[in-house]
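*Asks:* Return atomic coordinates for the entry below.
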Amino acid sequence: MRSRTLTLTFFLSVFAILLIAPVSMAANLTVTTDKASYAPGETISVSGTAVSSTDVTVQLLNPNNQLVAIDYVTSAVDGTWSMTFATPAGMPTGQWILGTYTVKAFMGVTTVSTTVTIQQVVVVTGTVVDAAGAAVSGATVTVGTASVATSATGAFTVSLATPGDYTLRVSKANYYSYTATVTAAIGTTNVGTITLASLEDKIADLQSQINTLNTQITSMNTTIASLQTSLNSLTTTVTQLQAITTTVTTLQTTASSLQTSVTALQTSVTALQATVAQLPAFYALAFVGIIIAVIAVILVYRKIAK
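*Replies:* Purely as a prediction, here's the structure:
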């Protein structure tokens, strides 16, 4: 009787172990992906936990439940495991189509799964640096209504729902904001390197500009002083020219007066010349008159004498 009881107990223990083992293994097996949605050409990173040093097989099934990729890995001593699946850049191609995929992990008879979506997405990427070219981490990058923070390397990736023209704005405390328009197409649009100017850099730049302006002002003051000296010299020259002009005017007046005097003198000389020209005739008449007077006296005398 005791032997039968031990045998029954043994079989019940084995049966319990067989029932509990799958449950224990199922509790140890997990699967997850690094994100829920992927674009064609991106790599799907799959990871999870399992029983220590156990083979884990992972299948990737398309929306039609067709197998498109499969791989296996042995879990580490701590039970962790990971693998990746590359997706084709051009989709649809073959059995790779857009839609929801199932990621199924197997450990023995135990299975767990999760889903991911492969769809055409619009992604804007870039890098933010300062004036010295150093990465600016923690800057807020906003494209449309979607926002992310830059990484330690200054890189950012913004996912958008649809392609189109968006306003891109980058901001961070103690930096001037950057704003631009970006045309996002299906796939990845890289806007390149964006440089944020810090307030300190701007202040230093303004100080440099002020110093330059001060130097230019000093140079201008020197030039103005030189021009003022030249102007004073010109003023003296103008004054001298005005005095010369006055003298010339006086000389012109004197010359005009002399010209009048000369003209009057010429008139007098002409009259004198006319008078001188008449003198011989005058003397002849006077002589004739004297003769006539003498004759008259003689005649009178003779008449008296008789």
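*Asks:* List the contacts of residue 70.
*Replies:* Residue 70 makes contact with 57-60 under the criterion CB atoms under 8 Å, 6 or more residues apart in numbering. C-beta here means a position set from N, CA and C on the backbone, and glycine is covered the same way.
*Asks:* What of residue 157?
*Replies:* 123-125, 148.
*Asks:* rewinding a little: Serialize the contacts of residue 70 to a markdown table and add fields for distance to residue 131.
*Replies:* A markdown table is the format used below for the contacts of residue 70 (distance: CB to CB, whole Å):
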| residue | distance to residue 131 |
| --- | --- |
| 57 | 52 |
| 58 | 47 |
| 59 | 51 |
| 60 | 46 |
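*Asks:* Are any of those residues buried, and if so which?
*Replies:* Neighbour-count burial within the contacts of residue 70 applies to 58-60; the criterion is 16 or more other CB atoms under 10 Å.
*Asks:* Have a look at the contacts of residue 157 and tell me the least confident one.
*Replies:* Within the set of the contacts of residue 157, pLDDT is lowest for residue 123 (88).
*Asks:* top helix in this structure by residue count?
*Replies:* Criterion DSSP state H: the longest helix present in the chain is helix 199-305.
*Asks:* Show me how far that helix is from its chain's centre.
*Replies:* Centroid separation for helix 199-305 versus its chain: 70 Å, with CA atoms, centre = their mean, to the nearest Å.
*Asks:* How about stretch 59-79?
*Replies:* That offset, for stretch 59-79, works out to 51 Å (CA atoms, centre = their mean).
*Asks:* I'd like the mean pLDDT over stretch 28-46, please.
*Replies:* 92.
*Asks:* Contacts for it, please.
*Replies:* Residues contacting stretch 28-46 (CB under 8 Å, 6+ apart): 47-51, 56, 58, 60, 79, 82-91, 96, 98, 103-105, 107, 110-114, 116-121, 123, 159, 187-188.
*Asks:* Just the ones of those in strands?
*Replies:* 47-49, 56, 58, 60, 82-86, 103-105, 107, 110-114, 116-118, 123, 159, 187-188 (DSSP state E).
*Asks:* Before I go, just wanted to say thanks for your time.
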